[in-house]
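Chemist: Structure of the sequence below:
(3 chains)
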Amino acid sequence: MFDFFIHVASIACLYGVLALSLNLQAGFTGLVNFGLIALFGCGTYGAALASGMGWHPLLGLPAGIAMAALLGLFYARLGRKLSSDYWGIATLSIAEIIRISITNEQALTGGAQGISGLPLLFAGLKPYDGMARLALYVVVLALVWLFCQRLVKSAFGLSMKLMREEPQLARSLGYDLDRIRRVVMLVSSAIAAFAGFLYAHYLTFVGPDQLVSPETFLIWSMVIIGGVANNRGVIAGAFLMQFAMAYVPFIKDALELPTDFVAAARLIIVGGGLLAFLLWRPKGLFPEKVGGSNGR
Amino acid sequence: MKTTALAAAFAALFGGLVGVTPAIAEDITIGAVIPLSGASATTGKDQSRGIELAVKQVNANGGVLGKQLKVIVEDSGGKPQTAIDAAKKLVSVDKVPIVIGEYSSGNTIPLGQYLVQEGMPHINPASTSGLVRDIGATSYSVVGLDNVSTEFAAQDVLDHGWKKVAVLAMNNAFGQGVAEEFKKHFTAKGGEVATTVMYTIGQSTYRRELQQVEAAEPDAYVFTAYGTEGALIMQEAFELGMQEGKPWYSILITMMNKDTPAEFKKGLIGMDVGYIGEGGDTYKTEYETAYGETFLSAYGGYAHDAVLFSAAALNKAGSTDKAAVLKAIEDLGKEGVKGATGDITLDADGQRTHQPYLKFKVEGEKLVAYE
Amino acid sequence: MFQFIFDALIRSVDLALIAVALSAVYSLIKFPNVALVQYAVVGAFVAMSLHTAGLPLLLAGLLSAFFVGLLAVVFNILVFERLLKVDSAIALIGSLALSMILSAVFLLTYGPTAYRFKLEVTPAMRVLGARITDHQITTLIVTAISLGLFALILFRTSLGREMRATATNGVLAAATGIDTRRVTNVVVFLSGMLAALGGITLAMRGSVSIDLGTNMLLPVFAAAILGGLGNALGAVVGAIVIAAAETVVTNTNVGPLVGEDLYFLPASYAPVASFAILVIFLLFRPRGLFVSEVSRV
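Modeler: Next comes the predicted model:
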């Protein structure tokens, strides 16, 4: 059971990184991105590419980040003219286009089959590899969190929040909104791709089913439930949601419910959790800290 | 104040979850990952039944290592991701010494590769793609791979006098393998494959794909499809009038026969692995007595035999130690294990050496084998 | 050639009813309600259950549409009115959450397998070289009648006038004494009915499963946005354009380009055509083909 706990905690750390990425976009800058999972996918397929081409596995990371950066910039470009809800739909559409293309292009991406047999990270450390990986992911999560905190507490962070709250005012003060958007997308895409790369080498398998839109919505639920624009909050949200989702099968076993219960319960946890928080506690469990001791 | 309360709640939750341990087992457990939901749920049901009957048989004959055998069956959901998650649970929580699974090559291959990385013995009870051969050192199959099945199918199609065909298959490892191998054998024997259309599984309609194969104007349509997908494809082909005057041939026909209503499969013929082999009659009678109907697919017997093989390996190894079990499997592969599907021997790659196939035709709801 | 036109027409009919519902209600509630496609699935499931229980198909369909209309109003009052007070993006996320909950309900009540109406399945007839099934004809008729009635209400009744007034300028409409909340809920009710009918006709010709809604989401959005959100009947044109694009993508023989006699793009690329059109329109002409009631995108 302890091994399973390590497994769930590891995945939760990776989701935490993704939640931080989305938080930068949606929480701090007001960019309603529904195509986040495609950025994650750039990371996973970057790893797959390295494996397929016979490169050293670590080369998959820059490959994935490069692809994600391009995609992120494309999203940003779209955002110039569109208001937030339309941009959300546009990013969702693009993520779906990418997923469908991957599913059909067998030669390039392994198609619906995906690419399996990726090298498992720290495989040489068995039987302690699980704990080693968890340790690494915790360190990565902490580093990304530190980075995000520094970013949002800096002057640039202030401009992000201004763009979210009063875009007209920001423009009138001379802020280049397009540049802010581009930078935020680049940074958060790189973070998302990093999470994808680590995930690919954890699961040893990369497939288009990992990129379906419910995955993006899951990450959204982590941000909204955890606390919009509160980095610690979204990490808490990630852990809460991931543990809830992972332990559903055990509840099913304990209460002897049919197999469909698992999928339905997960949908209700994400959808119901999202809706409940949106209606009654839209700021999330850990609301954004406005103001604060250093006068920002 | 609120934060500390919440933090305390989290800590309690995590602590409680970590503390939950499974009851100490008096049984020997092995794991199985089977599609209990999704398009292949009917075949998955058939496989679970084969497993149940095998467990009864093993326990009636003294069990495994002096204890009762128990098989923990997890649902793969018909997807590679869920299959691997299920395997992770079996390996890390239930700590089984052998994992049997899955059904579709598209899921068996990632599952098998994960298990091989863990050094875990893996037994494939149903997947027939040639790629299964390369899964890895600790992966074995009790069903024969389909380089041979497609040759059988190609010959059967030609024997019926159809020289120009259109092929329709799902785009995963299994379907790709079938399409490629069939084309290779069919053209080598003098036939022509006018077009190959690969479809993505899980769609709500296949009209477009059907129209694409129709445009090829073949003598016959050759296809392969899982359970409920096959039913939908057959129904839509019927609605499009594509079954009038043009024969349809199903590779691995028992995958989709049970789910397809009679009116949509009139005149359908095909082939599949044999349901049972020599010595399988007892299995057949037991199955029909226990479940009140005949086999749902051809694959229950192979799942049954996977369990028999695993039990024999554990007994031979004398323990649940992975290295011992692997050696036992290798030895048994040379000696042979008698199962419901005949005598199972494994070649140097751990794949089954002899695989019987049968030709089938549809009569009403059922499939009838013919020569 | 006629088969191609007919295929595109049938596909557009798949989308048209729901796209019109989306467009009509958007101008009043000012956010894209993603849950609408799930309303269509509710309609299909409820109609199917009623039909299996013994009701004639027509009655089952109408009752189901009525029920879904009411359901849409209930959700609007309980959920969306509150969320819209915060921000339209929040309402969008809320509608996504509602879709997930509805999916879960379907999963628990009906399971993951696909269901079919217990209807006669007959092979297609041949008309002018194209194949047409009678269910497809029924669908065309139902769609034409529903859209016709809707247009009638919109343009010939005082209620319709109020609807258009509220859509164009809600504040001004309220100032003239129109009860905008009531009008909004009437439109929500009607759009729920249209969505349900769309779902039922789709299910009649294929099957209904929990994935039906999610698969339809983006094509329906593409059609509505193309036609100009808020321009309810423009959505019909949008649906036709999307359907034509999808049909072209999958029925064109690109064999000569790749050196084979016969080669088609995999049919599952069809949605890519509609999403690509959607993105292109959002980039370059977010107002849609026609003048839309919506001033901001």
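Chemist: contacts and neighbour counts: CA atoms only from here.
Modeler: Will do.
Chemist: Quick check: nearest residue in space to C:I10, chain neighbours excluded?
Modeler: C:Q136 (7.0 Å; CA to CA, 6 or more residues apart in numbering or on different chains).
Chemist: gap between the one you found and A:Y137?
Modeler: 54 Å (CA to CA, to the nearest Å).
Chemist: out of those two, which sits in the busier spot?
Modeler: A:Y137 (23 against 19; other CA atoms under 10 Å in any protein chain shown).
Chemist: Next, give phi and psi for the residue of chain A positioned farthest from its centre.
Modeler: Largest separation from the mean C-alpha position in chain A: A:E256, at 33.0 Å (CA atoms, centre = their mean). For A:E256, the backbone dihedrals are phi 60, psi 50 (criterion: degrees, to the nearest 10).
Chemist: Can you name the residues of the stretch 51-200 of chain A that neighbour chain C?
Modeler: A:78, A:81-86, A:90, A:93-94, A:96-97, A:100-101, A:104 (CA under 8 Å from any CA of the partner chain).
Chemist: what does the stretch 151-300 of chain B give?
Modeler: Checking the stretch 151-300 of chain B against chain C by CA under 8 Å from any CA, the hits are B:194-195, B:197-200, B:204-205, B:208-209, B:211-212, B:216, B:228, B:238-241.
Chemist: who in chain C is up against chain A?
Modeler: By CA under 8 Å from any CA, the residues of chain C that approach chain A are C:31-32, C:79, C:82-83, C:88-90, C:92, C:94, C:96-101, C:103-105, C:107-108, C:111-112, C:218, C:266, C:268-269, C:271-272, C:275-276, C:278-279, C:282-283, C:296-297.
Chemist: residues contacting C:V241?
Modeler: By CA atoms under 8 Å, 6 or more residues apart in numbering or on different chains, C:V241 lies in contact with C:12, C:223.
Chemist: Is it located within a helix, as I assumed?
Modeler: Yes - assigned with DSSP: H, G, I helix; E, B strand; the rest coil, C:V241 falls within a helix.
Chemist: Next, find the distance separating it from A:Y175.
Modeler: Taken as CA to CA, the span from C:V241 to A:Y175 is 40 Å.
Chemist: returning to that earlier point: relative to chain B, which of the residues of the stretch 51-200 of chain A next to chain C is nearest.
Modeler: Nearest to chain B among those: A:N104, at 7.7 Å, using CA to the nearest CA.
Chemist: which among the residues of the stretch 151-300 of chain B next to chain C are in contact with chain A?
Modeler: The subset of these within reach of chain A, by CA under 8 Å from any CA, is B:T200.
Chemist: Can you tell me which of the residues of the stretch 151-300 of chain B next to chain C end up in helices?
Modeler: B:208-209, B:211-212, B:228, B:238-239 (DSSP state H).
Chemist: And the pLDDT for the residue farthest from the centre of chain A?
Modeler: At A:E256, the pLDDT value in this model is 73.
Chemist: Number of residues surrounding the nearest residue to B:G280 once chain neighbours are set aside?
Modeler: Spatial nearest neighbour of B:G280, excluding adjacent residues (CA to CA, 6+ apart): B:A340 at 4.0 Å. Counted with other CA under 10 Å, residues neighbouring B:A340 total 26.
Chemist: How about the contacts made by B:Q176?
Modeler: B:169-170, B:198 are the contacts of B:Q176 under CA under 8 Å, 6+ apart.
Chemist: Would you map the strands across chain A?
Modeler: With DSSP state E, the ranges of strands along chain A come out as A:115-116, A:205-206.
Chemist: Give me the domain ranges for chain B.
Modeler: Under the assignment automatic domain parsing, the domains of chain B span B:28-146+B:278-356, B:147-274+B:358-370.
Chemist: Would you mind measuring the gap between the ends of the first one?
Modeler: Chord length of domain B:28-146+B:278-356, first to last residue, is 32 Å (CA to CA).
Chemist: quick one: contacts for B:Y199?
Modeler: Contacts of B:Y199 by CA under 8 Å, 6+ apart are B:168-171, B:206, B:209, C:266-268.
Chemist: Then B:G63?
Modeler: B:69, B:311.
Chemist: Distance of it relative to chain A?
Modeler: Distance of B:G63 to chain A, computed by CA to the nearest CA, to the nearest Å: 25 Å.
Chemist: okay, the lengthiest helix in chain B in PDB with CA atoms only?
Modeler: In chain B, taking DSSP H as the definition, the longest helix is helix B:41-60. C-alpha atoms of helix B:41-60 as PDB (Å, rounded to 0.1, in the frame of the first residue of the first chain):
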ATOM      1  CA  ALA B  41     -16.500  -5.900 -22.600                       C
ATOM      2  CA  THR B  42     -18.300  -9.000 -23.900                       C
ATOM      3  CA  THR B  43     -15.000 -10.700 -24.700                       C
ATOM      4  CA  GLY B  44     -13.700  -9.500 -21.300                       C
ATOM      5  CA  LYS B  45     -16.600 -11.300 -19.700                       C
ATOM      6  CA  ASP B  46     -15.800 -14.400 -21.600                       C
ATOM      7  CA  GLN B  47     -12.200 -14.200 -20.400                       C
ATOM      8  CA  SER B  48     -13.200 -13.700 -16.800                       C
ATOM      9  CA  ARG B  49     -15.400 -16.800 -17.000                       C
ATOM     10  CA  GLY B  50     -12.500 -18.700 -18.400                       C
ATOM     11  CA  ILE B  51     -10.400 -17.500 -15.400                       C
ATOM     12  CA  GLU B  52     -13.100 -18.400 -12.900                       C
ATOM     13  CA  LEU B  53     -13.300 -22.000 -14.300                       C
ATOM     14  CA  ALA B  54      -9.600 -22.400 -14.300                       C
ATOM     15  CA  VAL B  55      -9.400 -21.200 -10.600                       C
ATOM     16  CA  LYS B  56     -12.000 -23.800  -9.700                       C
ATOM     17  CA  GLN B  57     -10.100 -26.500 -11.500                       C
ATOM     18  CA  VAL B  58      -6.700 -25.600 -10.000                       C
ATOM     19  CA  ASN B  59      -8.100 -25.400  -6.500                       C
ATOM     20  CA  ALA B  60      -9.900 -28.700  -6.900                       C
END
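Chemist: Pull the residues that contact that helix.
Modeler: Residues outside helix B:41-60 that contact it (CA under 8 Å, 6+ apart) are B:34-37, B:64, B:68-71, B:73, B:103, B:227, B:255, B:258-259, B:286-287, B:295-297, B:299-305, B:307-308, B:311.
Chemist: picking up where we left off before, put together a markdown table for the contacts of B:Y199, with secondary structure on each row.
Modeler: Converted to a markdown table, those look like this (three-state DSSP):
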| residue | secondary structure |
| --- | --- |
| B:L168 | strand |
| B:A169 | strand |
| B:M170 | strand |
| B:N171 | coil |
| B:Y206 | coil |
| B:E209 | helix |
| C:P266 | coil |
| C:A267 | helix |
| C:S268 | helix |
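Chemist: what stretches of the stretch 101-250 of chain B score poorly on pLDDT?
Modeler: Applying pLDDT under 70 to the stretch 101-250 of chain B flags residues B:147.
Chemist: hmm, 80 instead?
Modeler: B:130, B:146-148, B:172-173, B:201-205, B:227-228 (pLDDT under 80).
Chemist: Run through the residues of it sitting next to chain A.
Modeler: So the stretch 101-250 of chain B meets chain A at B:106, B:109-110, B:113-114, B:117, B:171-173, B:200 (CA under 8 Å from any CA).
Chemist: if you set the cut-off to 6 Å instead, what comes out?
Modeler: Counting by CA under 6 Å from any CA of the partner chain, the stretch 101-250 of chain B comes close to chain A at B:106, B:110, B:113, B:172-173.
Chemist: Scan the residues you listed and report the most crowded one.
Modeler: Those, ranked by neighbours (other CA under 10 Å): first place B:P110, 29 neighbours.
Chemist: Tell me which helix or strand comes right after the strand or helix carrying it.
Modeler: For B:P110, the element it lies in under DSSP states H and E is helix B:105-117. Sequence order places strand B:122-124 as the next helix or strand after helix B:105-117, per DSSP H and E.
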